[in-house]
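Participant: Quick one, fold the following:
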Amino acid sequence: MVKITFDGIEVEVEEGTTILNAARKIGGEVVPPAMCYYTPLKGTGGKCRACMVKVAAGSAKDPRPMPKLVASCITPVQDGMVVENTTNPDVLAARKGVVEMLLINHPLDCPICDQAGECDLQNFAYEHGTSGTRYEEERRTFDKIDIGPLVQLHMTRCILCYRCVYTADQLTEKRVHGVLGRGDAAEIGTYVENIIDNEFSGNVIDVCPVGALTDKTFRFKNRVWFTKPVDAHRDCPTCSGKVVLWMRGNDVLRVTARKDQYNEVQEFICNTCRFDKKDANDWTIEGPRKIARTSVISANHYELPVLNVDVIPNLPGSTEEDLQSTPFNLGRQV
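Facilitator: Presented below is the predicted three-dimensional model:
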């Protein structure tokens, strides 16, 4: 075990742990953002530079600082290392530059993008970006490519995190897509006209941090904050069968894998569960999905609103009866 100090907080982790995962052990606002690193996928990280931190002391044996900011997702810790993230102005300034770089060619599609409301880039830009841009040139565009009936590709939204490539590489035996070209011509494609049709191909939708890869069966059907996500499971011979159902009333609009607090998939699911089982009767529903309070999805509460009769008079009799049966009674928690 080694000890490091991260933003003034000392934490003990196993040798070989990355700085990012050491910060995640602490949790909270000190954790650097990550747009390309994905814990379940080997080899990810080091591409988006969103998680850069300042190593103020390399180790107890060699306390010299590292001359430049480092990517915390691929830099292993050393005993006695001192790392600065939110407390270092250079890190915060560099992170604003990363946001600006990622948004240079990203279209303003949020009002029509299916990823809106659960987009890592939206959150990243809101928390670390600026209100304006200095970019004046034309944005990069790509020819539209059809990669199959289930997954929709919007290359103009892609930030080249490579997550979808690693997912296809490590979950399937016949990856047909990858990153083609170099520099600003680099894009996700299939080289020759091909479709992504393997049994776990739908997981590229879940790992994509932006709206570059979306669910064609959910396309333009609803906004995520109008749906109610519930945990559910079924006996599936191919995968774990543990999913999140996104429902509107009794209708299942889409099915996704379950994710942790860092928006990483816990267990990948098969296409049968994701695309073919859109009936609530196909699932055993466990209960409402826990959604972070900071998410716009949480604005759509499961419980009835907390109302105060003194403030909002003349409530319908049925509403007052429903309020009596909830854990919240006329504005007071019981």
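
Participant: When you work out contacts or count neighbours from here on, use the C-alpha atoms and nothing else.
Facilitator: OK.

Participant: those helices in the stretch 101-250 of the chain, which residues are they?
Facilitator: 120-128, 163-171, 203-207 (DSSP state H, counting those that start in this stretch).

Participant: Let me know which of these is tucked in deepest.
Facilitator: When the helices of the stretch 101-250 of the chain are scored by mean count of other CA atoms under 10 Å, the highest mean neighbour count falls to helix 203-207 (a mean of 23).

Participant: then that one to PDB, C-alphas only?
Facilitator: Extracted as PDB, the C-alpha positions of helix 203-207 are listed here (Å, rounded to 0.1, in the frame of the first residue of the first chain):
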ATOM      1  CA  ASN A 203     -22.900  -1.400 -25.600                       C
ATOM      2  CA  VAL A 204     -21.100   1.200 -27.800                       C
ATOM      3  CA  ILE A 205     -24.200   3.400 -27.100                       C
ATOM      4  CA  ASP A 206     -23.800   3.200 -23.300                       C
ATOM      5  CA  VAL A 207     -20.000   3.900 -23.300                       C
END
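
Participant: picking that back up, same list (the helices of the stretch 101-250 of the chain) but as JSON lines, adding distance to P288.
Facilitator: Formatted as JSON lines, these follow (distance: least, CA to CA, whole Å):
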{"stretch": "helix 120-128", "distance to P288": "22"}
{"stretch": "helix 163-171", "distance to P288": "28"}
{"stretch": "helix 203-207", "distance to P288": "19"}
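
Participant: would you turn those helices into CSV with mean pLDDT?
Facilitator: Output for these, formatted as CSV (pLDDT from 0 to 100):
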stretch, mean pLDDT
helix 120-128, 92
helix 163-171, 92
helix 203-207, 94
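
Participant: Among those helices, which comes closest to D62?
Facilitator: With CA to CA as the criterion, D62 lies closest to helix 120-128 of the helices of the stretch 101-250 of the chain, at 31.9 Å.

Participant: got the contact list for G249?
Facilitator: G249 makes contact with no residue, according to CA atoms under 8 Å, 6 or more residues apart in numbering.

Participant: Let's see that with 10 Å instead.
Facilitator: T227, K228 (CA atoms under 10 Å, 6 or more residues apart in numbering).

Participant: Please report the distance of it from A280.
Facilitator: 11 Å (CA to CA, to the nearest Å).

Participant: does the most centrally placed residue in the chain count as helix, strand or coil?
Facilitator: Geometric centre of the chain, nearest residue: N263, 3.9 Å, by CA atoms, centre = their mean. For N263, the secondary structure call by DSSP: H, G, I helix; E, B strand; the rest coil comes out as coil.

Participant: you'd agree it is up against V210?
Facilitator: No - applying CA atoms under 10 Å, one finds N263 not in contact with V210, separated by 11.8 Å.

Participant: list the residues that contact both of those two?
Facilitator: Taking CA under 10 Å, 6+ apart as the contact criterion, the common neighbours of N263 and V210 are E118, C119, D120.

Participant: Phi and psi next, for the first one.
Facilitator: Dihedral angles phi and psi of E118 (degrees, to the nearest 10) take the values phi -140, psi 30.

Participant: residues in contact with it?
Facilitator: Applying CA under 10 Å, 6+ apart, we find E118 in contact with P209, V210, G211, V224, W225, N263, S295, V296, I297.

Participant: Just the pLDDT at N308, thanks.
Facilitator: N308 is assigned a pLDDT of 51 by the prediction.

Participant: scratch that, T294 is what I was asking about
Facilitator: On pLDDT, T294 comes in at 75.

Participant: did I read that right, it in a helix?
Facilitator: No - read with three-state DSSP, T294 is coil and lies in no helix.

Participant: residues touching it, list them.
Facilitator: T294 is in contact with N123, counting by CA under 10 Å, 6+ apart.

Participant: Any figure for the gap between it and N222?
Facilitator: Counting by CA to CA, the gap from T294 to N222 is 20 Å.

Participant: Please, where are all the strands along the stretch 1-150 of the chain?
Facilitator: 2-6, 9-13, 52-57, 70-71, 82-84 (DSSP state E, counting those that start in this stretch).

Participant: Assign T256 to helix, strand or coil.
Facilitator: Strictly by three-state DSSP, T256 counts as strand.

Participant: Spatially nearest residue to it (excluding sequence neighbours)?
Facilitator: Nearest non-adjacent residue to T256, counting by CA to CA, 6 or more residues apart in numbering: V244, 5.3 Å away.

Participant: just I19 next, same as before
Facilitator: Of all residues not flanking I19 in the chain, S72 sits nearest, at 4.9 Å (CA to CA, 6+ apart).

Participant: Strands along the stretch 201-334 of the chain, start to end?
Facilitator: Counting by DSSP E, counting those that start in this stretch, the strands of the stretch 201-334 of the chain are 213-215, 228-233, 242-248, 251-257, 284-288, 328-329, 332-333.

Participant: And these: which comes nearest G183?
Facilitator: Between G183 and these, the tightest spacing by CA to CA is seen for strand 213-215, at 20.6 Å.

Participant: what is the mean pLDDT for the closest one?
Facilitator: Mean pLDDT, strand 213-215: 93.

Participant: What is the end-to-end distance of stretch 175-194?
Facilitator: End-to-end for stretch 175-194, by CA to CA: 11 Å.

Participant: and for it, what are the contacting residues?
Facilitator: 105, 140-142, 144-148, 153-156, 158-160, 162, 164-169, 195-198, 201, 212.
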